[in-house]
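*Asks:* the amino acid sequence is not available; the structure is as follows:
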């Protein structure tokens, strides 16, 4: 980050009206330096500037004191042009000891070509549009302005803080101070740009009644015909997209203990101030807003837009989106300091970062790099709760580890309960969750049987999870009482689960899958039958038969469901009184009742697929019903 103007004894290096020269204060014995190198034969008070960089003048003041002043400038075909930034703590430049606290004014230089524009950040924390003015912090900014400079103005966070009298500025007074900054900038030949205050995390307080500072700034921009970058609405859209919880730890100053050396105990500013990646996101939005301004007749605006550097996508993602959170993708210019990280959900674990070509980058959750002048991809590789690298397994609402099910709010359509086994049901703790297993006893042969239904003829994947298996243990697989595979050797397993999967071609009907474990070598634990998600494959209860759930026929041997699928309730009609129950696809009873000829059912069900079972004292009958 390039430095701002340096001052000594209240003096400054001035920029000439023609924007071609630097002017030192009154004195004697001048020596000029460029980037710490002495400029030979430059001993005058004024110096012509033809090259960008840091200029320093050393001289003797009129009082005989040795003085030194510095200024950083950018030189263009039009001369020296500068962006002067004023604002509060969301904009300011922070000390290294505060890192990762970062204001967008601290990083905005990265987004502009330094050979055309220089950024000087005057923003300071705890100031409002009024207090910045009253404390005379505007005067040195105004004095430094030259024709063709730009002034980026963002206020609002402290203006609305009515708890602090020295800061609070009502919206109407806020307008007056904005007008002062605008008019005094224009009087110096500078171009003001109004930037609305970015939203707080999860709440856009700057558009609320009584504190509509965004609206107040827009009024000023409209009245005085000032360019307006609506960072408020741009940041609100981003906040809504990534979510409050993500923003807490990836944009705002929510830090985990030990994450950064400056904050060994972590930090919990979830709502206002930004860490470095959040500031970079705000700067990116400002450039988005700048580029969206449409006034091709305004040469100064066109210059500013053209001085913005090209940005490239930094594409960052998780191999399993349900495994946790990861730094949000961002478009950045070359040279930005980027920190990417991931937070992994319970039941999944982080393995490493890979680049877009699959090269291993690091096994640390945090990775830092400098953004290149091209698109770049980083992927976080994880292991899911089934033990599969890159797998899509995760725990659903019933603490069952499942694979690729889209509706994560509901208990899902997996075969989890065996229809028959000699094993005893035991509970184990995995990833902090209680998981059910069938424990089969060593020294004997045991069978675990599951039933399921295929709603179409297709290839499906079914399997089981297991722990505590010795080397040499085998399994035989039967499909519908016919041998499918025999003598399949299982990998040895300790406490960490391993998943064994089999691919079946299933016809459109009910099926039974048996896993037979001959001559058990250990007390092996069999956890579940795994079904990779397909809406046409689901569990059935063990004791009933099902008609085709995909059939358009709504009549089941004298029983009619109207309509199916249904929205609020379905109407059950029958020739005879019926006992009925509605089951989840894993066999859990959700609703029971008696229906005399006609009744409404399913009102309390959430949208999803269910099994309706009816009985009039004889054989049970069942069909699938769907609530939209």
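*Replies:* Yep, that arrived. Note that the coordinates shown come from a computational prediction; the quantities given were computed from them, not determined experimentally. Numbers count the residues shown, from 1 in each chain.

*Asks:* buried residues of stretch 486-503, list them for me.
*Replies:* 490, 493, 497-500, 502 (16 or more other Cβ atoms under 10 Å). Every C-beta, even on glycine, is put in place using the N, C-alpha and C of the backbone.

*Asks:* give the helix, strand or coil label for residue 182.
*Replies:* helix (DSSP: H, G, I helix; E, B strand; the rest coil).

*Asks:* what residues are up against it?
*Replies:* Residues in contact with residue 182, defined by Cβ atoms under 8 Å, 6 or more residues apart in numbering, are 153, 192, 194, 220, 224, 226.

*Asks:* now with 6 Å, please.
*Replies:* The contact partners of residue 182, by Cβ atoms under 6 Å, 6 or more residues apart in numbering, come to 192, 224, 226.

*Asks:* residue 43 too?
*Replies:* residue 30.

*Asks:* now do 10 Å
*Replies:* 28-32, 59 (Cβ atoms under 10 Å, 6 or more residues apart in numbering).

*Asks:* where does the chain have its least confident helix or strand?
*Replies:* The weakest-scoring helix or strand in the chain, judged by mean pLDDT, DSSP states H and E, is strand 555-556 (a mean of 47).

*Asks:* and which of the buried residues of stretch 486-503 is nearest to residue 372?
*Replies:* Taking Cβ to Cβ as the measure, residue 372 lies nearest residue 499 of those, at 38.7 Å.

*Asks:* return the list of helices and strands in contact with the strand or helix carrying the closest one.
*Replies:* Assigned by DSSP states H and E, residue 499 falls within strand 498-506. Where contact means 3 or more Cβ pairs under 10 Å, 6 or more residues apart in numbering; DSSP states H and E, strand 498-506 is packed against strand 401-403, strand 446-454, strand 458-467, strand 474-479, strand 482-489, strand 510-517, strand 525-531.

*Asks:* how about these in CSV, adding mean pLDDT and distance to residue 285?
*Replies:* Shown next, in CSV, are the helices and strands packed on strand 498-506 (pLDDT from 0 to 100; distance: least, Cβ to Cβ, whole Å):
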stretch, mean pLDDT, distance to residue 285
strand 401-403, 61, 37
strand 446-454, 81, 49
strand 458-467, 84, 44
strand 474-479, 92, 56
strand 482-489, 90, 55
strand 510-517, 86, 53
strand 525-531, 71, 43
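
*Asks:* most tightly surrounded among these?
*Replies:* Using mean count of other Cβ atoms under 10 Å, the stretch among these with the largest mean neighbour count is strand 401-403, at a mean of 25.

*Asks:* that strand: what's the following helix or strand?
*Replies:* Reading on from strand 401-403 to the C-terminus, the next helix or strand found by DSSP H and E is strand 424-430.

*Asks:* distance from that next one to the middle of the chain?
*Replies:* How far strand 424-430 lies from its chain's middle: 35 Å, per Cα atoms, centre = their mean, to the nearest Å.

*Asks:* ramachandran angles for the nearest residue to residue 508 once chain neighbours are set aside?
*Replies:* Excluding its sequence neighbours, the residue lying closest to residue 508 (Cβ to Cβ, 6 or more residues apart in numbering) is residue 457, at 5.0 Å. When quoted as degrees, to the nearest 10, the phi and psi of residue 457 stand at phi -80, psi 120.

*Asks:* what is the end-to-end distance of stretch 100-107?
*Replies:* This stretch, stretch 100-107, spans 12 Å end to end (Cα to Cα, to the nearest Å).

*Asks:* which parts of that stretch are buried?
*Replies:* Residues 100-107 are the ones in stretch 100-107 that count as buried (16+ other Cβ under 10 Å).

*Asks:* going by distance to residue 94, which of those residues wins?
*Replies:* Residue 94 lies nearest to residue 101 out of the buried residues of stretch 100-107, by Cβ to Cβ, at 4.4 Å.

*Asks:* give the contact list for the closest one.
*Replies:* When contacts are counted by Cβ under 10 Å, 6+ apart, residue 101 touches 89, 92-95, 125, 253, 260, 262-263, 267, 269, 273-276, 278-279.

*Asks:* so which of these belong to strands?
*Replies:* Counting by DSSP state E, the contacts of residue 101 place 253, 267, 269, 273-274 in strands.

*Asks:* filter those down to the buried ones, PyMOL style.
*Replies:* The PyMOL command for the buried members of the ones in strands among the contacts of residue 101 (criterion: 16+ other Cβ under 10 Å) is given here:
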select buried, resi 253+267+273+274
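
*Asks:* could you work out the most separated pair of the ones in strands among the contacts of residue 101?
*Replies:* 267 and 274 (11.9 Å).

*Asks:* who touches both of those two?
*Replies:* With Cβ under 10 Å, 6+ apart, residue 267 and residue 274 have common neighbours 100-101, 252-253.

*Asks:* could you export those as JSON lines, including distance to residue 206 and pLDDT?
*Replies:* Below are the shared contacts of residue 267 and residue 274 laid out as JSON lines (distance: Cβ to Cβ, whole Å; pLDDT from 0 to 100):
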{"residue": "100", "distance to residue 206": "24", "pLDDT": "96"}
{"residue": "101", "distance to residue 206": "21", "pLDDT": "96"}
{"residue": "252", "distance to residue 206": "16", "pLDDT": "95"}
{"residue": "253", "distance to residue 206": "19", "pLDDT": "94"}
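
*Asks:* mind giving me the domain split of this protein?
*Replies:* Segmentation of the chain into domains, based on automatic domain parsing, reads 1-73, 76-307, 312-383, 403-539, 555-627.

*Asks:* can you tell me which of those domains is packed in deepest?
*Replies:* Buried most deeply of the domains of the chain, by mean count of other Cβ under 10 Å, is domain 76-307, with a mean of 19.

*Asks:* pull the distance from that domain to the chain's centre.
*Replies:* Relative to its parent chain, domain 76-307 has a centroid offset of 22 Å by Cα atoms, centre = their mean.

*Asks:* out of the contacts of residue 43, who's nearest residue 598?
*Replies:* Checking the contacts of residue 43 against residue 598 with Cβ to Cβ, the nearest one is residue 32 at 97.7 Å.

*Asks:* low-confidence ranges in the chain?
*Replies:* 1-10, 76-80, 386, 394-418, 430-434, 455, 528-558, 585-588, 617-622 (pLDDT under 70).

*Asks:* for it, which segments are assigned as helices?
*Replies:* Listed in chain order, the helices of the chain (DSSP state H) span 104-107, 129-134, 138-144, 171-187, 213-224, 231-242, 244-250, 276-292, 299-307.

*Asks:* nearest to residue 438, of these?
*Replies:* Taking the helices of the chain one by one with Cβ to Cβ, helix 244-250 is closest: 36.5 Å.

*Asks:* hmm, who's touching the closest one?
*Replies:* 199-203, 235, 238-243, 252, 254-256, 259, 268-271, 274-275, 277-278, 281, 325-328, 339-343.

*Asks:* hmm, 8 Å instead?
*Replies:* So helix 244-250 is contacted by 201-202, 239, 242, 254-256, 270, 277-278, 325, 327-328, 341, 343 (Cβ under 8 Å, 6+ apart).
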